[in-house]
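Peer 1: Sequence first, predicted model second:
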Amino acid sequence: MLGSAVQIRLAAPFRPVSFKIHYMSRAIQWDKSKGRPEPIAALNKIPEFESGEPLVSMQEAAPTVRYFRPQAIMYCRKSVAEMIELAARSLPKGYYLGLIEAWRPIERQERIYSFWHDSAAEAFPQYSKAQLRRVACRWAAPTDQKAPPGHCTGAAVDVSLLDENNEPYDVTSPYVRFQGARTYTLGLTEQAHRNRMILVEAMLTQGFSNCRDEYWHYSYGDAGWAVRLDKPSCIYGLVRLEPELYAENERQWLEMFKDRTNPFMEQPKPTGS
Ligand SMILES: [Zn+2]
């Protein structure tokens, strides 16, 4: 039945024939009993008592973590850095924790949100404004809400599992790209499931909470963390960093981001050689 639902999408009359839409996680089964939903309304209700804890350089405070993406700005709250260092040290032999993203300026967050919104608008031209906003919010925190996006507070980190050569371990097969994003996606290969759980366990054991929609996203101390763990308040709000400290990371990020393809539209496979 799920397959036929996808077929309806594929047959949408607005699409160029060379593309087909895969509707990502909606067609893929996942375990809804694990983790907690974190609707924006719930995040906005969390009172914020900013602790004033500084952002620290992760290269200094979390030296075991691998910083393989030059566009990542390697700053986060001091406690978060200490926790991620312990998570990295706890991994089995041959596994390394790679940082995809940590603190993020609000401008970068706005660009990411717009990317998801515009991608959805292109893929689903029949959607209303409210539907497009819902899809965009599923993949990126909006910046116009009372609760600031987790990455902009220095509380959130996106992480991956790397091997000796900084190659990512498989945590998604048989799914591709964002299809298997939900942390408790069903139908992963045994290997992918095992690797994914190594990552999840290492982070949760140190006190991080996981966004159940994204196996790579963890936080401590922000509104998302409070909602997921039923805390009455959060300790980290919006925080800024001197722009000179991350100007080069932003330049590299913009360079990387301009080639990003629409995640809602599957690229046709190249034919021939
Ligand atoms: Zn994230």
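Peer 2: Yep, that arrived. Numbers count the residues shown, from 1 in each chain.
Peer 1: Identify the residues contacting the one residue in the chain that gets nearest to the ion.
Peer 2: Nearest residue of the chain to the ion: H217, at 3.6 Å (Cβ to the ion). For the C-beta atoms, the positions are set from N, CA and C on the backbone; glycine is no exception. Neighbour list for H217: G150, A156, V157, D158, N210, C211 [criterion: Cβ atoms under 8 Å, 6 or more residues apart in numbering].
Peer 1: Check the gap between the nearest residue to the third one once chain neighbours are set aside and H217 for me.
Peer 2: Distances taken as Cβ to Cβ, 6 or more residues apart in numbering put A102 closest to V157, at 5.0 Å, once the chain neighbours are dropped. A102 sits at a distance of 11 Å from H217 (criterion: Cβ to Cβ, to the nearest Å).
Peer 1: Need the overlap of contacts for those two.
Peer 2: A156, V157, D158.
Peer 1: Secondary structure class of the last one, three-state.
Peer 2: With DSSP: H, G, I helix; E, B strand; the rest coil as the basis, D158 sits in strand.
Peer 1: Could you pull up the residues touching W253?
Peer 2: Contacts of W253 by Cβ under 8 Å, 6+ apart are Q71, R108.
Peer 1: That one - that's part of a strand, no?
Peer 2: No - W253 sits outside any strand when classified using three-state DSSP, being helix.
Peer 1: And it, how far from I100?
Peer 2: 12 Å.
Peer 1: Equivalent analysis for A147, please.
Peer 2: 22 Å.
Peer 1: Next, please give the residue ranges for the helices of this structure.
Peer 2: 2-10, 40-44, 58-61, 78-89, 106-123, 129-139, 190-205, 223-229, 247-257 (DSSP state H).
Peer 1: So what touches the shortest one?
Peer 2: Judged by Cβ under 8 Å, 6+ apart, the contacts made with helix 58-61 from elsewhere in the structure are V65, Y67, M74, Y75, C76, K78, A81, E82, I84, E85, L99, A102.
Peer 1: which ones are touching the third one?
Peer 2: By Cβ under 8 Å, 6+ apart, the residues touching M74 are S57, M58, Q59, Y67, L99, A102.
Peer 1: Which residues of this protein lie near the ion?
Peer 2: Contact residues (Cβ under 5 Å from the ion) of the chain with the ion: D158, H217.
Peer 1: How about M74, nearest residue that isn't a chain neighbour?
Peer 2: In space, M74 is closest to M58, 4.3 Å off (Cβ to Cβ, 6+ apart).
Peer 1: ok, what's across the strand from the residue of the chain closest to the ion?
Peer 2: D158 (DSSP bridges).
Peer 1: how close does the spatially most central residue of the chain get to T189?
Peer 2: Centrality entry for the chain: nearest residue to the mean C-alpha point is H217, 4.6 Å, by Cα atoms, centre = their mean. Separation of H217 from T189 (Cβ to Cβ): 22 Å.
Peer 1: Please dump the contacts of H217 into TSV; it should also carry neighbour count and pLDDT for every row.
Peer 2: Below are the contacts of H217 laid out as TSV (neighbours: other Cβ atoms under 10 Å; pLDDT from 0 to 100):
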residue	neighbour count	pLDDT
G150	30	98
A156	29	98
V157	30	98
D158	21	97
N210	23	98
C211	25	97
